[in-house]
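1. Okay, predicted coordinates and the sequence, questions at the end:
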Amino acid sequence: MKKNLISTIAVDGPAASGKSTLGEHLAKTFNYTYLDTGVMYRAVTLAALNQSIDFDDEDRVSEIAESMELDVRRPSINDGRSNDIILDGQDVTWAIRSAEVERNVSKVSAYQRVRTAMTEQQRRIAKRGRIVMVGRDIGTVVLPEAEIKLYLEASVEERAHRRYLELINRGKAVTFEEILSDMVRRDQFDSTRAIAPLRPAEDAIIINSDHMNADQVYEYSCKIISAHCSN
Ligand code: DC
């Protein structure tokens with residue numbers, strides 16, 4: 001495969017659609033940088049929580065996004081993390097996964113100035129080339145020129161089921177019903193917001209993973225990438 005023909009692979013989709021698993025696997029295979037942009041919106045949310053900022057205060061939340069120092073590095077600890085997420089010098093890799101962050105991140109990520117600040121950082125990182133970038137708006141807004149655009153989807157029940165198993169396996173006391181209702185709420189918010197809503201780019205390849213496991217999605221994606229390279 002002529003891998004060097006591709007500079008950017010964009011992977012978008014709703015929560016728990018398998019995009020991070022896929023993105024990480026593709027990045028490892030091709031030795032590309034992996035960036036899950038969701039962690040950036042989560043980091044803004046955590047920083048606002050740490051400073052007890054009211055999430056309705058758009059100006060103050062935006063100031064945080066514009067001033068915080070965020071670094072996404074290769075993992076330094078082998079504890080299941082994809083990257084080290086360093087916020088203002090602190091390792092927040094797991095803190096950004098808390099339920100409180102989860103509850104507020106959709107609101108934060110709908111603010112225009114927050115999105116502008118994150119998009120600028122994401123484009124700067126992508127300029128270095130050879131990147132797999134995962135998110136909601138990578139193919140549509142952040143990197144519309146990406147050579148490969150994959151959009152993962154699965155029914156909300158299937159995604160809630162996967163997230164439920166993941167949390168139970170991590171020892172969390174959650175019910176399927178609460179995960180499902182939270183996911184429905186987040187899908188609705190992310191796909192109807194005014195700025196950069198969740199939707200596939202016109203030239204994205206849509207992969208429905210309702211009846212596919214992670215390996216099958218990966219193999220299918222590799223075929224798409226190979227076909228692109230041999231064209
Ligand atoms: O993928 P995730 O669950 O870690 O994303 C957290 C939130 O960030 C999610 O509610 C949507 C938002 N997000 C976004 O608006 N744009 C992106 N490119 C990535 C995530």
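-> Thanks, I have the structure now. Numbers count the residues shown, from 1 in each chain.

2. C-alpha only now, for contacts and for neighbours.
-> Noted.

3. What residues does this protein have near the ligand?
-> Proximity of the chain to the ligand, by Cα under 6 Å from any ligand atom, involves residues 15, 37-39, 41-42, 105-106, 109, 135-138, 190.

4. now do 5 Å
-> Within the chain, the positions lying close to the ligand (Cα under 5 Å from any ligand atom) are Thr37, Gly38, Tyr41, Ser106, Ser109, Gly135, Arg136, Asp137.

5. what separates stretch 222-231 from the chain centre, distance-wise?
-> 23 Å (Cα atoms, centre = their mean, to the nearest Å).

6. What ranges does the protein have for its strands?
-> Ranges of strands in the chain, per DSSP state E, are 8-12, 33-36, 70-73, 84-87, 90-91, 131-135, 148-153, 205-208.

7. Given the third one, what are its sheet partners and their directions?
-> In the sheet containing strand 70-73, the strands it pairs with under DSSP bridges are strand 84-87 (antiparallel).

8. can you give me how far the strand it pairs with is from the chain middle?
-> For strand 84-87 - counting by Cα atoms, centre = their mean - the centre lies 15 Å from the chain centre.

9. Also stretch 101-117?
-> 13 Å.

10. In that stretch, which residues are buried?
-> Within stretch 101-117, the residues that count as buried by 16 or more other Cα atoms under 10 Å are 101, 104-111, 113-115, 117.

11. Chain neighbours aside, what residue packs nearest to Met183?
-> Ala160 (6.7 Å; Cα to Cα, 6 or more residues apart in numbering).

12. Next up, the contacts around the one you found.
-> Contact analysis of Ala160 by Cα atoms under 8 Å, 6 or more residues apart in numbering lists Ala16, Phe176, Ile179, Leu180, Met183.

13. Just the buried ones from the residues you listed?
-> Counted by 16+ other Cα under 10 Å, the contacts of Ala160 give Ala16, Phe176, Ile179, Leu180, Met183 as buried.

14. pull the helix or strand with minimum mean pLDDT from the protein.
-> strand 70-73 (a mean of 88; mean pLDDT, DSSP states H and E).
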